[in-house]
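Novice: fold the following, please.
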Amino acid sequence: MSKSITAPGTSPPATLPVEFLGNMAIYSIRDLEKLTGIKAHTIRMWEQRYRLVSPARTETNIRYYTDENLRHLFNIALLNRYGYKISKLAKMQPEEIAARVAEIAENNTTPNAQVDALTLAMINLDEAGFDHIFSAYTWEHGFEQTILELIYPFLDKLNVLWLTHSVSPAHEKFITNLIRRKLMVAIDKEPGDVHPRAAKFLLYLPEKESQELTLLFLHYLLRIRNQKVVYLGTGITLNDLRDACQPYQPDFVFSILQEPLGRQSIQSYVDKASQVVTNGQLMLSGAQVFVNQLKVPKNVRLLNGLPDTLGFLDHLVEKQRITDF
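Specialist: Residues are numbered from 1 along each chain as shown. Predicted coordinates for the structure are as follows:
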């Protein structure tokens, strides 16, 4: 993710985005609104009427909120969505509110509730809480559905929070590293058995492209579908790609172009990459291949996100299954 990207239709952050006062993170009321889903005027009303949150002020009299304020309000927002009246929550101690939240996270396995719980685990830098939520959902729904139904909606929310400066780089790095570790463990657990007529895939990301979690998930999807896959990873130049394609001779080369390329146009890059992948098909996903009007070379196929990618994989596996009979 990059701070240079601006979300379409997003207003600038309030006077105090996520910053630090000494070693303490501070938040504006707009940050609280984006993180908790509670409108700023509602937060102010709760402050005035129920004293639920008490903001501090800078030397120049600007209101700000601390991590403790944020956690408390997040818990209140979650309980309020599950039917607790604000007047009742105002009379409860913070410890009791936190216990009720933990009970909801334990018993309610709907994706919305778990996305809220993951957000709170991120804010608290709570690795054990993240592991518990992830493991429980995986046990009930399986790893693939956990990524699709829980992690991707959470990452969509995280992206909005990042673009609007409502979470710090520390929060983003903490949670994405945990997800990355889960994906790598899941890949390693697959035995790597390949179908007799398995397609040969090569996965890579260009220099400065940040979509590694999606590429790792595709690696997992291919392994579990018994395809042969070589994962080159991130920061791969076209020369690196050529050095890999010549001995491996992949059927499909997959990459993501989400970020603009600094030194050349997307069209130029796609043309050069298609020439490197001489005997296979170059499969590209990401925003840049759709926001730019590309002339698509014959051996290039554009995939519109995960649904299109999953559809392609399912069709490929079905063709292999039919051939078996």
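Novice: use CA for all of it now, contacts and neighbours both
Specialist: Noted.
Novice: do you know how far the spatially closest residue to residue 74 that is not a sequence neighbour is from residue 79?
Specialist: The spatially closest residue to residue 74, leaving aside those adjacent along the chain, is residue 36, at 5.5 Å (C-alpha to C-alpha, 6 or more residues apart in numbering). The gap separating residue 36 from residue 79 is 11 Å, by C-alpha to C-alpha, to the nearest Å.
Novice: where along the stretch 51-200 of the chain do the strands fall?
Specialist: Under the criterion DSSP state E, counting those that start in this stretch, strands of the stretch 51-200 of the chain are mapped to 56-57, 63-66, 200-204.
Novice: mind checking which of those is nearest residue 143?
Specialist: The minimum distance between residue 143 and the strands of the stretch 51-200 of the chain falls on strand 200-204, with 20.6 Å, by C-alpha to C-alpha.
Novice: neighbouring strands - and their directions - for the closest one?
Specialist: If you go by DSSP bridges, strand 200-204 pairs up with strand 228-233 (parallel), strand 252-256 (parallel).
Novice: quick check: next helix or strand after the first one?
Specialist: If I follow you right, that is strand 228-233. helix 238-248 (DSSP states H and E).
Novice: now the helices: where do they sit in the stretch 101-250 of the chain?
Specialist: 111-123, 127-141, 143-146, 152-163, 169-189, 212-224, 238-248 (DSSP state H, counting those that start in this stretch).
Novice: okay, the shortest one in CSV with CA atoms only?
Specialist: Read that as helix 143-146. Presented in CSV, the C-alpha positions along helix 143-146 are these (Å, rounded to 0.1, in the frame of the first residue of the first chain):
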residue,chain,number,x,y,z
PHE,A,143,-8.6,-22.0,4.4
GLU,A,144,-9.7,-20.9,1.0
GLN,A,145,-13.0,-19.6,2.1
THR,A,146,-11.4,-17.9,5.1
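Novice: hang on, isn't residue 294 packed against residue 267?
Specialist: Yes: Residue 294 lies in contact with residue 267 (C-alpha atoms under 8 Å); the separation is 5.9 Å.
Novice: okay if I get the strands paired with strand 200-204 as a markdown table plus mean pLDDT, mean neighbour count and distance to residue 115?
Specialist: Converted to a markdown table, the strands paired with strand 200-204 look like this (pLDDT from 0 to 100; neighbours: other C-alpha atoms under 10 Å; distance: least, C-alpha to C-alpha, whole Å):
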| stretch | mean pLDDT | mean neighbour count | distance to residue 115 |
| --- | --- | --- | --- |
| strand 228-233 | 95 | 17 | 28 |
| strand 252-256 | 96 | 22 | 25 |
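Novice: could I get the ones you listed as CSV with distance to residue 114?
Specialist: Listed next are these as CSV, based on distance: least, C-alpha to C-alpha, whole Å:
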stretch, distance to residue 114
strand 228-233, 30
strand 252-256, 28
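Novice: contacting residues for residue 187?
Specialist: 219, 220, 223 (C-alpha atoms under 8 Å, 6 or more residues apart in numbering).
Novice: local confidence estimate at the residue lying closest to the second one once chain neighbours are set aside?
Specialist: So the one you mean is residue 220. Of all residues not flanking residue 220 in the chain, residue 187 sits nearest, at 5.1 Å (C-alpha to C-alpha, 6+ apart). As predicted, residue 187 sits at a pLDDT of 95.
Novice: what about residue 187, distance to residue 223?
Specialist: Look at residue 187 and residue 223: by C-alpha to C-alpha, they are 7 Å apart.
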